[in-house]
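Engineer: Have a look at this fold, sequence not included:
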Ligand SMILES: Nc1ncnc2c1ncn2[C@@H]1O[C@H](COP(=O)(O)OP(=O)(O)O)[C@@H](O)[C@H]1O
Ligand SMILES: O=C(CO)[C@@H](O)[C@@H](O)COP(=O)(O)O
């Protein structure tokens, strides 16, 4: 009898399911569904306006998608053959719930309060709280700061929860639990609150050696936060690959699966992608390239690298220190350009030729040489995650003239994101976490070869590409097989899974020397601007943002 597992990848706009044949390593079927409520960044379901920099989701969507995508991938196989499920999620994505897991936004008394909903990873409205947290942590000499590159991001658990407390204390009070969405879905699937140590490590300031920050630290932030860990989070955490429990009868009925099959503890999209590319050793950076990019590296040592998102022992692969850095907008910047800045004759040409605007712009941009447009951009359309860790920074395009063409701007934006990645690679190398090769997965490597060549030219490194178009879902399915265990037909460890399952494409991108030489000069210019706008020499971006905010405060 064949053995299968299912991986579910919860992305920003949609969830994807993948059915993996454990004997042949074949991805038998995939299915995707957009979240019915999408990303709520302007209005709540009742039409109420949401302030700027917010990004919410509806937790009911996470269950709704399962009703459709799981039955779709298991069509045609015997459900007895599916032995496990793993999931991965965008993170840090959190929600307030009652003790039994009921989300507060599903309770009439709270459904009109935006703080009762899921705060998506790219909710950037807790920057004030993050700034205060960092200030207080620095004053107190808190050792945890170093593990997180010197700063805690506004995207993470504590700033987000503190924002709830500041702006909606009644929601903080009513929440018995504040959960990562990945742990919440696992609770819904198994009935068990078994939280994973990966999200706690990267997003909630927990470490295997030191645990959470002390209650005194939380009290120094706000006396009402003193017992946040025991009252709203949990000190009981389980390493990735652990079985969280068996699939409940109700969920089995809803999805068409067999009750009791193994469900792995929750995981994160970027982190599951590392073994899903076959990477289980140092020196190789895995880039998950889509709306944003996450940069993941392993090392045998714990080194404090400034500006990264974090280093967590066992956070990606057991026995190694897992490093994460990232850019909070990449594909999203190109999407913004396509939606807002493309003239009618380009739209018309794309329509006549039946190609999408990205393809048209890329075709035109491919004819340009590095530096030929005279443009240089900074990629901070959604703030800067690494290495400045500042959501209040914004984008720049420099060098525009009356002759500047859309494809020149499009290429400059792609180059800007490549410089952002180069800054991160240099930061790791300079601090002793070596990056010698790049491994790429996600939507962008599939969609844009020019972009991949630019990344190789700008970084000066070769790039290998995943064969799977659903690498996170594949990784989640691999962890599902580890949770099921060898006896059930799964795997003994994630190392065994990473040896047997992943495949790479034959094509590999290699730097083109002539391009790399010009990009080196352009990158030096980027670095000068990066430090000028990003390190306090000129805080114009923050001043502009403050003026902009004064309008929304008036409302
Ligand atoms: N041909 C293209 N070239 C560059 N970017 C593209 C192209 N087509 C789509 N995109 C961008 O890819 C992103 C989606 O990437 P994908 O990996 O599919 O999504 P996600 O990050 O949500 O998993 C969008 O932000 C979109 O703007
Ligand atoms: O930050 C993380 C992982 O730590 C990601 O979940 C976040 O960047 C969202 O990724 P996507 O762009 O939705 O693939």
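Structural biologist: Good, I have the coordinates. Because the structure is a prediction, the values reported are computed rather than measured. Ligands and ions are numbered 1, 2, ... in the order given.
Engineer: Find the residue closest to the residue nearest to the spatial centre of the chain in space, skipping its chain neighbours.
Structural biologist: Nearest to the geometric centre of the chain sits residue 90, at 4.6 Å (C-alpha atoms, centre = their mean). Spatially, and ignoring its direct neighbours in sequence, residue 90 is nearest to residue 121 (4.8 Å; C-beta to C-beta, 6 or more residues apart in numbering). C-beta: built from backbone N, CA, C; applies to glycine.
Engineer: helix, strand or coil for the one you found?
Structural biologist: Here residue 121 is recorded as coil under DSSP: H, G, I helix; E, B strand; the rest coil.
Engineer: check contacts around it.
Structural biologist: Contact analysis of residue 121 by C-beta atoms under 8 Å, 6 or more residues apart in numbering lists 12, 55, 90, 91, 92, 93, 155.
Engineer: What about ligand 2: which of these touch it?
Structural biologist: The residues of the contacts of residue 121 that also fall near ligand 2, by C-beta under 6 Å from any ligand atom, are 12, 90, 91.
Engineer: Among the residues you listed, which one lies nearest to ligand 1?
Structural biologist: Using C-beta to the nearest ligand atom, residue 12 comes nearest to ligand 1 of those, at 4.6 Å.
Engineer: List the residues that contact the closest one.
Structural biologist: By C-beta under 8 Å, 6+ apart, residue 12 lies in contact with 39, 90, 120, 121, 122, 291.
Engineer: Now do the fourth one against residue 199, distance only.
Structural biologist: Residue 121 sits 11 Å away from residue 199, going by C-beta to C-beta, to the nearest Å.
Engineer: just the first one next, same as before
Structural biologist: Counting by C-beta to C-beta, the separation of residue 39 from residue 199 is 20 Å.
Engineer: The two: which is more packed in?
Structural biologist: residue 199 (31 against 17; other C-beta atoms under 10 Å).
Engineer: Leaving out chain neighbours, which residue sits closest to residue 37?
Structural biologist: residue 58 (4.0 Å).
Engineer: Would you agree the one you found is in contact with residue 39?
Structural biologist: No. Residue 58 lies out of contact with residue 39 (C-beta atoms under 8 Å); the separation is 10.0 Å.
Engineer: just to revisit the earlier point, now, among the ones next to ligand 2 among the contacts of residue 121, which is nearest to residue 428?
Structural biologist: Residue 428 has its nearest neighbour among the ones next to ligand 2 among the contacts of residue 121 in residue 91, at 20.8 Å by C-beta to C-beta.
Engineer: Pull the contacting residues for that closest one.
Structural biologist: 121, 180, 181, 182, 199, 202, 203, 268, 269.
Engineer: Now the third one. Nearest residue, chain neighbours left out?
Structural biologist: Computed as C-beta to C-beta, 6+ apart, the closest residue to residue 181 that is not its neighbour in sequence is residue 93, at 4.3 Å.
Engineer: Kindly report the same for the second one.
Structural biologist: Nearest in space to residue 180, with sequence neighbours left out and distances taken as C-beta to C-beta, 6+ apart, is residue 199 at 4.5 Å.
Engineer: What pLDDT does the model give the one you found?
Structural biologist: On pLDDT, residue 199 comes in at 98.
Engineer: before we move on, what about residue 389?
Structural biologist: 89.
Engineer: Just give me the neighbour total for it.
Structural biologist: 25.
Engineer: what's the answer for residue 174, then?
Structural biologist: Residues near residue 174, counting by other C-beta under 10 Å: 18.
Engineer: Now for it: which residues touch it?
Structural biologist: 96, 98, 104, 109, 110.
Engineer: Enumerate every residue touching the residue nearest to the second one when sequence neighbours are not counted.
Structural biologist: Spelled out, it's residue 98. Nearest residue to residue 98, sequence neighbours excluded (C-beta to C-beta, 6+ apart): residue 176, at 5.2 Å. Residues in contact with residue 176 (C-beta under 8 Å, 6+ apart) are 97, 98, 99, 232.
Engineer: Test my guess that the second one contacts residue 105.
Structural biologist: In other words, residue 98. No. Between residue 98 and residue 105 there is no contact, the gap being 11.3 Å when judged by C-beta under 8 Å.
Engineer: Between the two, tell me which one has more neighbours.
Structural biologist: The neighbour comparison of residue 98 against residue 105 (other C-beta under 10 Å) goes to residue 105, with 25 against 14.
Engineer: Leaving aside the residues adjacent along the chain, what's closest to that one?
Structural biologist: The nearest residue in space to residue 105 (C-beta to C-beta, 6+ apart) is residue 116, at 4.1 Å.
Engineer: Count the residues that sit near the one you found.
Structural biologist: Residue 116 has 25 nearby residues by other C-beta under 10 Å.
Engineer: Next up, the contacts around it.
Structural biologist: With C-beta under 8 Å, 6+ apart, residue 116 has these contacts: 96, 103, 104, 105, 107, 110, 168, 171.
Engineer: interface residues of this protein facing ligand 2?
Structural biologist: Residues of the chain found near ligand 2 (C-beta under 6 Å from any ligand atom) are 11-12, 90-91, 121, 268-270, 288, 290-292, 294, 324, 326.
Engineer: Let's see if you can find the most crowded of those.
Structural biologist: Ranked by neighbour count (other C-beta under 10 Å), those have residue 268 at the top, with 32 neighbours.
Engineer: roughly how far apart are it and residue 477?
Structural biologist: Taken as C-beta to C-beta, the span from residue 268 to residue 477 is 15 Å.
Engineer: Nearest residue to the residue of the stretch 451-555 of the chain found nearest ligand 1 in space, please, no chain neighbours.
Structural biologist: When scored by C-beta to the nearest ligand atom, the stretch 451-555 of the chain has residue 451 as its residue closest to ligand 1, at 5.7 Å. Of all residues not flanking residue 451 in the chain, residue 414 sits nearest, at 5.1 Å (C-beta to C-beta, 6+ apart).
Engineer: Would you agree the one you found falls within a helix?
Structural biologist: Yes. Per three-state DSSP, residue 414 lies within a helix segment.
Engineer: Assess the claim that residue 415 and residue 454 are in contact.
Structural biologist: Yes. Look at residue 415 against residue 454 with C-beta under 8 Å: they come within range, at 5.9 Å.
Engineer: Are there residues contacting both of these two? Which ones?
Structural biologist: Common neighbours of residue 415 and residue 454, counting by C-beta under 8 Å, 6+ apart, are residue 519.
Engineer: higher neighbour count, those two?
Structural biologist: residue 415 (27 against 23).
Engineer: quick one: residue 259 and ligand 2, what's the gap?
Structural biologist: 30 Å (C-beta to the nearest ligand atom, to the nearest Å).
Engineer: hmm, I was thinking of residue 297
Structural biologist: Taking C-beta to the nearest ligand atom, one finds residue 297 at 13 Å from ligand 2.
Engineer: List the contacts of the residue lying closest to residue 377 once chain neighbours are set aside.
Structural biologist: Spatially, and ignoring its direct neighbours in sequence, residue 377 is nearest to residue 416 (3.7 Å; C-beta to C-beta, 6+ apart). Each residue near residue 416 by C-beta under 8 Å, 6+ apart is listed here: 333, 376, 377, 378, 379, 526.
Engineer: neighbours around the fourth one, how many?
Structural biologist: For residue 378, the neighbour count with other C-beta under 10 Å is 23.
Engineer: Mind checking what secondary structure residue 272 has?
Structural biologist: helix.
Engineer: OK, now which residue of the stretch 401-550 of the chain is nearest to ligand 1?
Structural biologist: Per C-beta to the nearest ligand atom, residue 443 is where the stretch 401-550 of the chain lies closest to ligand 1, at 2.3 Å.
Engineer: show me the contacts for that residue.
Structural biologist: Going by C-beta under 8 Å, 6+ apart, residue 443 touches 289, 290, 331, 469.
Engineer: Would you confirm that the third one contacts residue 338?
Structural biologist: By that I understand residue 331. No. At 10.2 Å, residue 331 does not count as touching residue 338 under the criterion of C-beta under 8 Å.
Engineer: All set, thanks.
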